[in-house]
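Colleague: pasting the sequence and the predicted coordinates here, then a few questions.
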Amino acid sequence: MNKIQLVESEDYIAVLLAEKELSILDCDKDYVLAECNLQDLVGIEIIDFPEKLHLEIHDSKGFETYLFYEVQIKKMDCKMSLEFICHIPNKYWDHKWGLATYLEAIKKQVAFSESIKIGDFDFEDTWKRLSLIVEYDFPNNISSCISDASNQIKTLIKTAEISLGGFVWKNEYEQDEMLFCKEILTPLLHHDYRCNR
């Protein structure tokens, strides 16, 4: 079974994941920030994660969100905190809505989520930033938590898009009931349920 270890001595710090030594990006007396690949975390349990360690993971597909390309993982108070970070320059944004408007709509949808919290945000800078935090209890597998959190964020994004642009019918909905339920009914029911609580 894979283990993750933080090895420290007076003049040496290393983060070991199974047989691999991870790159350390930053360290202080209170934390060590290292980076790894998502595949490296397969089989790693939250309980085996060192308290002082912070891990940074980048994904070219934004963990299937195509918006949040970085996640930072840390363990605090017997919980695993996953912070999904969107940090995009306005200059290269090409979308139906402006980047600040889009991120603001996603941020507003967090109010209707029981498990997602807002980390930090800045919509004024030329590099727009929004981070969303999802926490998990023990016992849990880290890679499964990342997958679950990204699915929750995808639902949040879809709901934000519906709120911005209203409902847009796709011909595929007529043939694919699962797609219709996933993209239309589930976000609407989630939103309606939380509004009426």
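Modeller: Ah, there it is. Numbers count the residues shown, from 1 in each chain.

Colleague: going by C-alpha atoms from here, please, whenever you check contacts or count neighbours.
Modeller: Will do.

Colleague: low pLDDT regions in the protein?
Modeller: Under the criterion pLDDT under 70, the flagged ranges of the chain are 1-2, 166-169, 190-197.

Colleague: try 80 this time
Modeller: Scanning the chain for pLDDT under 80 picks out the ranges 1-2, 77-78, 138-139, 165-171, 183-184, 187-197.

Colleague: output the longest helix belonging to it.
Modeller: helix 142-165 (DSSP state H).

Colleague: okay, that one in PDB with CA atoms only?
Modeller: Extracted in PDB, the C-alpha atoms of helix 142-165 (Å, rounded to 0.1, in the frame of the first residue of the first chain):
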ATOM      1  CA  ILE A 142      -7.700  11.200  -1.500                       C
ATOM      2  CA  SER A 143      -8.000  10.600  -5.200                       C
ATOM      3  CA  SER A 144     -11.700   9.600  -4.700                       C
ATOM      4  CA  CYS A 145     -12.200  12.800  -2.700                       C
ATOM      5  CA  ILE A 146     -10.700  14.900  -5.600                       C
ATOM      6  CA  SER A 147     -13.000  13.200  -8.100                       C
ATOM      7  CA  ASP A 148     -16.100  13.700  -5.900                       C
ATOM      8  CA  ALA A 149     -15.200  17.400  -5.300                       C
ATOM      9  CA  SER A 150     -14.600  18.100  -9.000                       C
ATOM     10  CA  ASN A 151     -18.000  16.500  -9.800                       C
ATOM     11  CA  GLN A 152     -19.600  18.800  -7.200                       C
ATOM     12  CA  ILE A 153     -17.900  21.800  -8.800                       C
ATOM     13  CA  LYS A 154     -18.900  20.800 -12.300                       C
ATOM     14  CA  THR A 155     -22.600  20.800 -11.100                       C
ATOM     15  CA  LEU A 156     -22.000  24.200  -9.500                       C
ATOM     16  CA  ILE A 157     -20.600  25.600 -12.800                       C
ATOM     17  CA  LYS A 158     -23.500  24.100 -14.800                       C
ATOM     18  CA  THR A 159     -26.000  25.700 -12.400                       C
ATOM     19  CA  ALA A 160     -24.200  29.100 -12.700                       C
ATOM     20  CA  GLU A 161     -24.400  28.800 -16.500                       C
ATOM     21  CA  ILE A 162     -28.100  28.100 -16.400                       C
ATOM     22  CA  SER A 163     -28.500  31.200 -14.100                       C
ATOM     23  CA  LEU A 164     -26.500  33.400 -16.500                       C
ATOM     24  CA  GLY A 165     -28.000  32.300 -19.800                       C
END
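
Colleague: and the most centrally placed residue in the chain, how far from residue 8?
Modeller: Geometric centre of the chain, nearest residue: residue 84, 3.1 Å, by C-alpha atoms, centre = their mean. Going from residue 84 to residue 8 by C-alpha to C-alpha, to the nearest Å gives 28 Å.
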